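Student: Predicted model follows, preceded by the sequence.
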Amino acid sequence: EPCERAYVLRGHPQLIEAMDGLFAEKFASDDREPAFAFAVPELFGGGLCGLLMPSPLFWTQMGALLAIQAAVNSLLAVIVYQAIIQKRGRTISFLTGFGVVIPLVLILPYHLISMLDLQNICVIMSIVATPVLIVPRCLEAMYGFSPPSVEASLNNYVLYYSYPIQFLFDPKTDRLLRCDSDEIRSKGTRLMRNYLLLGLMYSVLEPRGYQMFFVHDYAQPNFLGLAHIGNNFMTAVLTYLCLDTGTLGFGLAVSALAGISTLEVTHNPIFASSSVSDFWGRRWNVLVGGVLKRGIFKPVRKHFPREIAAIFTFVASGLMHEYVISIIALKKKSQCGEGDEGADCYEPAYGNHLAFFLWNCSLLLIENSITKWRVFEILKKMLPPPAVTALVLLTVLPISHWFTDEYVSSGFYSDYKVGFPVMVTLGALR
């Protein structure tokens with residue numbers, strides 16, 4: 001790993017030294033010490049608790065990795081614009097996309113992780129933003145489905161392609177949309193709320209192994225059991241807050257520093273979805289959903305029915321998540337000593353993520369076929385919105401652990417908490 005880093009950055013000893021210093025702290029485990037302790041009232045169980053303060057260096061590393069990816073993606077954007085968009089429909093366009101850009105971004109995370117000796121799973125996950133976004137963006141470029149305005153100029157395309165948080169353009173002028181103080185204030189308020197909520201959820205869920213309610217057999221749960229559904233709901237909320245907080249934070253940084261509007265990645269999917277299609281199409285991770293729609297769904301839809309295009313899209317999403325898990329598993333395997341049965345010995349359950357997305361694809365297809373039935377129209381008018389949202393969630397919560405269990409067992413949630421204030425129990429009062 002040091003040799004690889006020295007080879008790539010040869011001739012830049014100061015840069016090597018800076019990178020070594022920035023990533024010297026690996027955050028492989030949470031070894032923070034409480035900043036202060038306080039007594040818990042007897043009404044809430046009593047005892048002594050401490051507060052772990054968030055690590056600024058953790059967020060600095062995350063920001064640095066986004067900057068590195070932005071630089072790499074900018075170079076890729078020039079290649080895509082010149083060799084794919086400008087030559088769309090020609091053989092060279094497809095050869096560049098399938099033969100150069102896509103293979104390159106798929107292997108890039110392995111080299112960056114090795115070169116920087118990254119060990120924190122959340123930090124590693126930030127590296128995976130490049131292939132997750134660039135592969136479908138390359139496909140949308142090849143097949144002519146890029147968003148409006150981004151292909152108006154090379155400069156626009158580089159801006160669109162480079163940063164993991166998507167910049168917004170004015171379709172009338174093809175220029176970047178500027179944000180105002182109200183937008184920044186709104187994002188800042190939501191970020192602070194999410195930040196504190198995540199700290200509170202970590203304080204409650206981490207000591208319980210992310211199982212809020214007792215279940216007799218966690219490996220083979222009763223899918224319709226209230227405790228099982230309750231546990232899955234809590235990890236679903238945790239996942240949503242992790243995604244929303246991370247993307248909102250870096251998007252807010254761009255808006256505040258550069259005055260540019262950025263795409264809001266989530267729109268309260270857990271508490272406001274009115275249907276399965278509303279959840280996946282308009283509320284949950286619209287950044288990745290957007291590139292999958294333009295890079296997979298629309299090209300397939302040109303030649304096949306909508307249902308086939310939807311299946312292709314959900315399968316692509318499932319395979320993309322399996323790819324992410326494979327990167328985590330490879331790193332965890334390198335950390336695990338031979339014959340070690342410890343916590344670092346993570347064995348992924350390959351196929352669970354793909355099964356999760358196929359289940360949701362089935363729900364979407366069923367919904368599209370029965371949504372106009374009069375009984376459902378009547379129920380939607382009669383039931384209050386929270387009840388409708390609860391019914392939508394109940395279609396997936398029984399099996400949502402197929403998705404979240406991998407992030408629990410791999411240590412993603414635990415590694416992410418280093419960036420948040422967390423309360424820990426120190427013992428009984430003396």
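Tutor: Here it is on my side, so go on.

Student: Number of residues surrounding residue 107?
Tutor: Counted with other Cβ atoms under 10 Å, residues neighbouring residue 107 total 10. The way it works is simple: take the backbone N, C-alpha and C, and place the C-beta from them, glycine included.

Student: so what's the residue nearest the centre of the chain up against?
Tutor: Residue closest to the average C-alpha location in the chain (Cα atoms, centre = their mean): residue 243, at 5.2 Å. Taking Cβ atoms under 8 Å, 6 or more residues apart in numbering as the contact definition, residue 243 lies against 265-266, 285.

Student: Which one of these is nearest to residue 169?
Tutor: Checking the contacts of residue 243 against residue 169 with Cβ to Cβ, the nearest one is residue 265 at 16.9 Å.

Student: Tell me how many other residues surround that closest one.
Tutor: 21.

Student: Tell me how far the closest residue to it other than its chain neighbours lies from residue 129.
Tutor: Nearest non-adjacent residue to residue 265, counting by Cβ to Cβ, 6 or more residues apart in numbering: residue 247, 4.1 Å away. Distance of residue 247 to residue 129, given as Cβ to Cβ, to the nearest Å: 10 Å.

Student: swap in residue 249?
Tutor: Taken as Cβ to Cβ, the span from residue 249 to residue 129 is 14 Å.

Student: can you confirm residue 182 is in a helix?
Tutor: Yes - assessed by DSSP: H, G, I helix; E, B strand; the rest coil, residue 182 belongs to a helix.

Student: show me where the stretch 251-400 of the chain has helices.
Tutor: 269-272, 276-278, 286-292, 298-301, 306-335, 352-370, 374-382, 385-394 (DSSP state H, counting those that start in this stretch).

Student: could I get the ones you listed as JSON lines with distance to residue 206?
Tutor: Shown next, in JSON lines, are the helices of the stretch 251-400 of the chain (distance: least, Cβ to Cβ, whole Å):
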{"stretch": "helix 269-272", "distance to residue 206": "20"}
{"stretch": "helix 276-278", "distance to residue 206": "31"}
{"stretch": "helix 286-292", "distance to residue 206": "27"}
{"stretch": "helix 298-301", "distance to residue 206": "41"}
{"stretch": "helix 306-335", "distance to residue 206": "19"}
{"stretch": "helix 352-370", "distance to residue 206": "22"}
{"stretch": "helix 374-382", "distance to residue 206": "38"}
{"stretch": "helix 385-394", "distance to residue 206": "23"}
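
Student: and residue 33, which of those helices is closest to it?
Tutor: Evaluated with Cβ to Cβ, these place helix 306-335 nearest to residue 33, the distance being 23.5 Å.

Student: State the mean pLDDT of the closest one.
Tutor: Across helix 306-335, the average pLDDT comes to 92.

Student: ok and it relative to helix 352-370, angle-wise?
Tutor: On the basis of axes from the mean of the first three to the mean of the last three Cα atoms, to 10 degrees, helix 306-335 is oriented at 160 degrees to helix 352-370.

Student: Output the contacting helices and strands for helix 306-335.
Tutor: In terms of contacts (3 or more Cβ pairs under 8 Å, 6 or more residues apart in numbering; DSSP states H and E), helix 306-335 is packed against helix 102-116, helix 121-127, helix 129-143, helix 286-292, helix 298-301, helix 352-370, helix 401-409.

Student: Any chance of a markdown table for those helices, columns mean pLDDT and distance to residue 217?
Tutor: Converted to a markdown table, these look like this (pLDDT from 0 to 100; distance: least, Cβ to Cβ, whole Å):
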| stretch | mean pLDDT | distance to residue 217 |
| --- | --- | --- |
| helix 102-116 | 92 | 35 |
| helix 121-127 | 93 | 26 |
| helix 129-143 | 96 | 34 |
| helix 286-292 | 96 | 33 |
| helix 298-301 | 97 | 40 |
| helix 352-370 | 95 | 17 |
| helix 401-409 | 95 | 13 |
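
Student: export the ones you listed to a markdown table and tack on distance to residue 388?
Tutor: Shown next, in a markdown table, are the helices and strands packed on helix 306-335 (distance: least, Cβ to Cβ, whole Å):
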| stretch | distance to residue 388 |
| --- | --- |
| helix 102-116 | 39 |
| helix 121-127 | 32 |
| helix 129-143 | 31 |
| helix 286-292 | 20 |
| helix 298-301 | 28 |
| helix 352-370 | 13 |
| helix 401-409 | 22 |
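
Student: how about the ones you listed, which one is nearest residue 307?
Tutor: Closest among these, using Cβ to Cβ: helix 352-370, at 5.8 Å.
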